[in-house]
Structures are given as structure tokens and as C-alpha cells.
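J.: everything below, folded, please.
(2 chains)
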Number of protein chains: 2
Amino acid sequence: MDSVNTLEPTRTVEELKELRRLTGDENGAQRVAFTETWAKARRWLEEKARAAGVEVERDAAGNLWMTLRGKSEEALLIGGHIDSVPNGGWLDGCLNTLAGLEILRRIGTQYDGRPPVTVRLVDWADEEGARFGKSLFGSSACSGNLDMAEARGLTDKDGVTLPGALHGQGIDFENVKESNRQLAEAAAYLELHVEQGPVLLDLELPLGAVLGTFGVERHALTFHGQAAHSGSTPMNRRKDAFLAAAKMSPEIYRITERHGGVCTIGSCLTKPGIVTSVVEECRITLDQRHLEAAALAAMLGEAREASKRFAQEGNVTVAWERLWQIEPIPFDDELIDLCDAAIQETCGKSHRLPSGPLHDAAEVARSRIPTVMMFVQSLHGISHNKIEDTREEHLELAVRAFDRLASTAMEWIEAR
Amino acid sequence: MDSVNTLEPTRTVEELKELRRLTGDENGAQRVAFTETWAKARRWLEEKARAAGVEVERDAAGNLWMTLRGKSEEALLIGGHIDSVPNGGWLDGCLNTLAGLEILRRIGTQYDGRPPVTVRLVDWADEEGARFGKSLFGSSACSGNLDMAEARGLTDKDGVTLPGALHGQGIDFENVKESNRQLAEAAAYLELHVEQGPVLLDLELPLGAVLGTFGVERHALTFHGQAAHSGSTPMNRRKDAFLAAAKMSPEIYRITERHGGVCTIGSCLTKPGIVTSVVEECRITLDQRHLEAAALAAMLGEAREASKRFAQEGNVTVAWERLWQIEPIPFDDELIDLCDAAIQETCGKSHRLPSGPLHDAAEVARSRIPTVMMFVQSLHGISHNKIEDTREEHLELAVRAFDRLASTAMEWIEAR
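T.: Numbering: from 1, shown residues only, chains lettered A, B, ... in the order given. Predicted coordinates for the structure are as follows:
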């Protein structure tokens, strides 16, 4: 280890606990964006950042930038979000923010306040989208990908509009994309996050390098047959919408065996849905995710073909309706290598994995800024819940490995 | 044909139309039991019966008996029900009643009012159970199978109890089983009915001999797995309750391929039932029917085994809950042969088939009175609906074949 490395991972764990006491209750974290509890968390963060000697600035979209100016204006960005869902976990989002703060302190000390490249910690505004139902607000405004027309119409459950809520925070909705200038000198973006899944837990590994975020194809499939009396209708005369829909379930497991990725049938509705009638109409939802666009397209194509085959076999029809889609967002190959190396040097073994959920990092990567994420093991493979947890020794390893990655990323920026 | 055969099947069709005009509207038949429209239909029927020279009597359960006394007290019974569901079809129940009336006329004429055996037409009270949710009231009271405790507690949607409604019709609920004495001299029971399914339609046959009514095993199966994020949970880590439940659907088709009978999954409920989560809990209903008790038991056993296997394969659990059951009720072999022969002599070709729905005939057969039913083709394989229909030429063939069966059944009673 470097002799001037003053990194204190235990302080990060202490600060996470302090934040939990300050902004959580018996139901979990309550730092919903644009609320007083969220504002309190940010004031607490700002104070710590100023104490560490970094400049603090809020951009046009409400993102909070903490900057340690370097010899070069080229900037290494470290991102996180201190906002949470209601009754959220104690780590989701703020682990990275506080690890990033600790890394700013270490770099500031090591380089006497003037590192070779600029280092910036950003606390994105409203990553979760808990209040207005649309996630990644701050980062998508900053990246320029925010759909202004859609965002303008968003309302919370009390009928408050997003522009109205932003106005209350001193933010002019119509100007939020001006925050894009913050990315002008960005040379790399790093984000640490709890995995929110069971992959590292199963592998008994503390940390993993993230390859990118999955593309998603989300559809509703409606099979239509004919209602018929369950007692008087012979099997070979039936037009059983449930039979055709049910065959899709093992099929999506076969599709992921061939292509990787994940597929989920999360909902099934039957009509008339009574014990004495063959199902006339069956609607299922299908969520398909993959890191590679071509594989995702193939998975979708195979699911479509299978649904038509099952419909034909059962003398029913099938109709597809797209609910949502997003393309896969791969991270930067060189930064993935650096992340992997940082993990290996810290704890001996690494693993490369995709991210199922979206993150602010995806918005930054879509802006063609080299990006990578590091995942730390989740204990229950669960997030957005007060039982979300990670072993403290893994949190400390995460801070160490992420700090190492920050160092090598700075070198990588300098060397370009 | 016999020279004294004065049967007029076209009169039956005319009387069916007359009854439809009298007691139906643009939504279908409205002869719900224990209503004024039903009472009107019965007065109309009684009048015709008296005009045909038969004795009319109402029993303790409200069943209407129309008797042509013979040289022997041993009785051939012909049964039907003039009641309908609300917005019902024009044939369900009353086809047999009016065919039976025509046969009484023919026998009365042929034997000059004194046939060798007694012939009785019974109009069962409340076959449909439309108002109190429990079918076969009159026939089950008469057979002695009516569950008095259960029936005593039945109420209609306005809170009127079944005993209260019966009181309004001059029937003492506590004495309804005294109607059983009507069966004392019964030697055989015949019932004609529309098929209410598509079997004869598919075979392009007008008539079929019914082998008995299906036994039914009706269950709810609840598969329990674990909710998990659709993006971050690898396929091999899932406990997908829908996957296990879905595998049951093709399986029930394989089960009926091995055993005959019918199986239906009519309803599927998923929890949490959202696009972004693996299904934690999936509840399906399973309705299984077969004419043979051993086969029905085997079908149930195989479904149980399959559900356990699918649950185990998917790392989920399964729980079974019985919703309802009834044993198969086979009809009399000799009467089935007579029915088959009567159909063949009338229209050249017959077919033997089970009945999916229950009928009053099942209650009579449970009283160990030799019983058979004859089915006539349904045009849409549908009943309990105003679109229920049968071609008039098939109705006429039905009256002819059923009359033939009445003749051979009388001979069969005499010969015993």
C-alpha cells in the first residue's frame, strides 16, 4: 500500500450508520428525493465534503457536485445517489456516495489538495424515481436523455407535478438539461453499488466488476381461445388459452439456456377465470433482459415464434403488446479490466457480471463517457427493503477496491 | 310403425315455441323456479296434461307428477324440468317435459287410457338452482339425497331463505323428503336432454345414448416459491411458482390421453403478479371428471404426483385444497342398450357418451332405479344461454326415438 494512503474504510461504515440514524426509521431509509429528509441528508453530506476541502456546487438539475480540482481539467467522476425509496435499504445509493467522499479525502491528502487530474463526486438527484415514478432524473437530465415532454407531465400521488416540486427546490424544470455542461471534461465515470441480486452471494465473492446494464424487452402476450364447459367439452375440442400461455413458461427457461440473460413471466390473468370453464383469454407479461442487443433481439424473436407455435397447436390466437424497452448499455472494456484488477488485488478473486437493474452509470455511459461499476455482495440478494444488508467486512473491502480503481483510473486518464 | 301410433313430434316443437312465447323474452327463457313465470309455465303444462286425460299431483317437494295409471302399478318414469336459469335457452329441461307429454298422449291413445304398466311424467322442481345456488332440489329431495342442513341455510340474493320461498309455494321444507314415496313403484326412469356440449355436433349425429354422469374432483392447487427481481435473479436461482403451475397444463392433457375423461385448469392467480418480479405464489383450479370412479381416482393421483414433481423440480412447494367432489353415477346397462337401439332404429346411427353436467337423472339413478338418458345434438355446444339451439328436425327425431325407448322400456318392465 502507498505510504500516504490515509483511506479509512471503517469511517465509511460509521458514516453510513450515522446517515441511517439521521434519515431512517424502524421501517428503513426515508430519503425520498425532493423531501425534507433528503434535503437533510444532503446538507449533512455537503458539510462533510466542505470539511474535506472540496468545492460544492449544485447543477441546473439539482445534482450535487463535489470537486477536487486537479492539475488537469480532465475529470474522474465518481457517482452515487443519497436518495432512497420509502422504507429503503441503508446502502443502496449512499454506499457509493460515502465511499466516494472517503476517496476524495484520501486523494486530497495524498496530493495535498492538487491531484494530477480533477476528481469529482456527484450525488445524482432522484435516482429512484420513488415519488414521480420515473427513475434516473438527475443523471438523465445531465446526460441529455431525459424525455422533457414525459417528465413535464409527471405527478406524484398528491397531484404535485415534477416541475412544481423542482420549483420548490429552486430548480427551473425547463433548464435542467443545462446540467450537461458538468460532463464537458469528464474522462471516466465510476460507480460502486450493492448488487441487489444473489450472484456474488452464491459465488461467495465480496466484489464483482460490472459489464454493463441489461437491455430490456417488456411485453404483454394475450392468448385468445374459447370459453367452454369443463364437463361437456372433450379435450380435443378445446381452445384453451391457458394451455398455450402455460407452455411459454418452460420455453423462456430454454431460451435463456441458449442465450444467457434472463426472462420472467411475472403475471398471469385468466378470463372468465372460473373452475367450470376452459380459459377463453389468458394474458401474461414477459420481461426479457440481456447485455447484448443481438442476443436480446434473438430471445425476443424466439419467444414470438414459440408463442405463435403454441397458439397454433392449441387452436387459439396470440397478440403481443410492447410495454417498455431499453437497449443494453455496455461499460468500457478498459475500465472493466481496471475494475477487475482492483478487485483481484484487494481480495484475490473477482467476477464479471451484468447488472439487471438500471443505474445512473447507464445514463453516463450513454453519453459516451467511459464508465464502469463495481458491485459488492448483497446478503439476501434483495434491495428496496429495510432488510437489505451487506457484511461490514465486505463494505470495507469495497471501499478499498474502489479506491484502488480510482487510482488506476486516474493513471489511465493521464496516460490517454 | 305401429298403426295406433298417434305421436306428433311437430306438436312438441310447436308447444316448445308456445312456452317460449309465454315465458321468455328477448334475453331468453325466464322460468326461474319458485317465481310467477315458473308457476305460469306449470299451470300451462298442467292444463295440457289434464286435457290429455292424465292425473296431476304435486308432491311434498313441489315436483309435479302426471300419471297414466296402467294395469300394473310398476311405473315407467319420464322426467324433465320446466324451470330455467335466468336468460336461459328454450330447450334445456322443457324439451323432455313436452316430449314426455306427447308420449303420454300417444300411450294413452294406444292403450285406451290403460297401458300395461303405469307411466308417469315428472316435472322436477328447481333443477337449475338458479335462485339458491344449489341444483337438483326436487329430485334430490325425492331421492332422499338432499342435505337438509345445507338446504335449510340457503338464501337468495335478497336474503329470502329456501324454506321461506317454499312456504310461499305452499311447501313445508321439513317434509320435502316425503316426496320419496313417489319412487316406491318406479321400475325405470328416462330423461331426454339437449347435450350442452359439442360431441354429437362433431360426429354429425342427431342423438346419443348417455352412459351416466361424470364423477367430479375439484381442487385448488397453490404453488409457493419466492418473489425475486426479474433483472437481477439468475434463472437457476429462481423459485418460480408460475413455472411449476404452468407445467400442470400440458400434464392434464397427457392424463386425459391415458384415462379419458376431462380435466380443466380454469383459473390462474399470480402474486405479486407484477412484470418485474418472479411469481411467489400461483393458485390454479383443477376440475377433473370421469365416468369411472377408479379412473377418476387415478387421474387425481397422477395430477397430485405431477404437481409434487414440478414443485420439486422448481424448488417450490405445492398445497392442495379440495373444493368439491361427487362420485360418478353410471346409468343402467340394459336401458343404455335399449336407448341405443331406439336411436339406431330411428336415425340409423347412435353414439354412446357420458354426461359432463349433472341431471335429475343422476339423483334417480342414485336411488337404484334403472335409469338412462338420451341426448340430442346442441347446435353451438352451448347451454344456459339464449343462443342455445337444436335443429327442428333433430327435435322431431328426438321425440320419435325417445317414444320408441318408452315403448321398449315398458316391455322391459313387463318382462322382468
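J.: burial check on the residue of the stretch 51-200 of chain A found nearest chain B, number of neighbours?
T.: Using CB to the nearest CB, A:G197 is the residue of the stretch 51-200 of chain A that sits closest to chain B, at 2.9 Å. For every residue, glycine as well, the C-beta is placed using N, CA and C. As a burial measure, the neighbour count of A:G197 was computed by other CB atoms under 10 Å in any protein chain shown and equals 27.
J.: mind checking which helix or strand the residue lying closest to it once chain neighbours are set aside is in?
T.: Taking CB to CB, 6 or more residues apart in numbering or on different chains as the measure, A:G197 lies nearest to B:S232, with 2.9 Å between them; neighbours along the chain are not counted. No secondary structure element spans B:S232, as it lies outside all helices and strands (assigned by DSSP states H and E).
J.: isn't B:S232 up against A:P354?
T.: No: at 9.3 Å, B:S232 and A:P354 do not qualify as touching, with contact defined as CB atoms under 8 Å.
J.: on the three-state scheme, A:E393 is what?
T.: The three-state assignment at A:E393 reads helix, by DSSP: H, G, I helix; E, B strand; the rest coil.
J.: tell me the contacts of it?
T.: A:E393 makes contact with A:P206, according to CB atoms under 8 Å, 6 or more residues apart in numbering or on different chains.
J.: in the stretch 301-416 of chain A, what residue lies closest to chain B?
T.: Closest residue of the stretch 301-416 of chain A to chain B, CB to the nearest CB: A:G356 (2.6 Å).
J.: for that residue, list the residues it contacts.
T.: Residues near A:G356 by CB under 8 Å, 6+ apart: A:Q196, A:G197, A:T213, A:F214, A:V262, A:R289, B:H229, B:S230, B:G231, B:S232, B:T233.
J.: shaky segments in chain A?
T.: Segments of chain A classed as low confidence (criterion: pLDDT under 70) are A:1-4.
J.: and stretch A:377-395, what's buried?
T.: Buried residues in stretch A:377-395, defined by neighbour count with 16 or more other CB atoms under 10 Å in any protein chain shown: A:Q377, A:S378, A:G381, A:I382, A:S383, A:H384, A:E388, A:D389, A:T390, A:H394, A:L395.
J.: pretty sure the fifth one contacts A:G89?
T.: Yes: in this structure, A:S383 is within contact of A:G89 by CB under 8 Å, at 5.6 Å.
J.: quickly list what's touching both of those two.
T.: A:V194.
J.: in PyMOL, select just the buried ones from the contacts of A:G356.
T.: Under the burial definition 16+ other CB under 10 Å, those of the contacts of A:G356 that qualify are selected in PyMOL by:
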select buried, (chain A and resi 196+197+213+214+262+289) or (chain B and resi 229+230+231+232+233)
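J.: before we move on, the earlier item: which non-adjacent residue is nearest the residue of the stretch 301-416 of chain A closest to chain B?
T.: Nearest-residue entry for A:G356: B:G231, 2.6 Å, with adjacent residues in sequence omitted and distances by CB to CB, 6+ apart.
J.: between the two ends of stretch A:225-239, how far is it?
T.: Criterion CA to CA, to the nearest Å; first-to-last residue distance in stretch A:225-239 is 5 Å.
J.: ditto for stretch A:226-240
T.: For stretch A:226-240, the first and last residues are 7 Å from each other (CA to CA).
J.: which outside residues touch that stretch?
T.: Under the contact criterion CB under 8 Å, 6+ apart, stretch A:226-240 has outside partners A:225, A:272, A:275-280, A:314-316, B:195-199, B:202, B:214, B:216, B:249, B:253, B:256-257, B:262-264, B:266, B:287, B:289, B:355-357, B:381-383.
J.: show only the entries of those found in helices.
T.: Using DSSP state H, the members of the contacts of stretch A:226-240 that fall within helices are B:V199, B:D202, B:S249, B:Y253, B:T256, B:E257.
J.: what number of residues lie near the closest residue to the fourth one other than its chain neighbours?
T.: In this structure, B:Y253 finds its nearest non-sequential neighbour in A:M235, 6.0 Å apart by CB to CB, 6+ apart. Residues lying near A:M235 (other CB under 10 Å) number 18.
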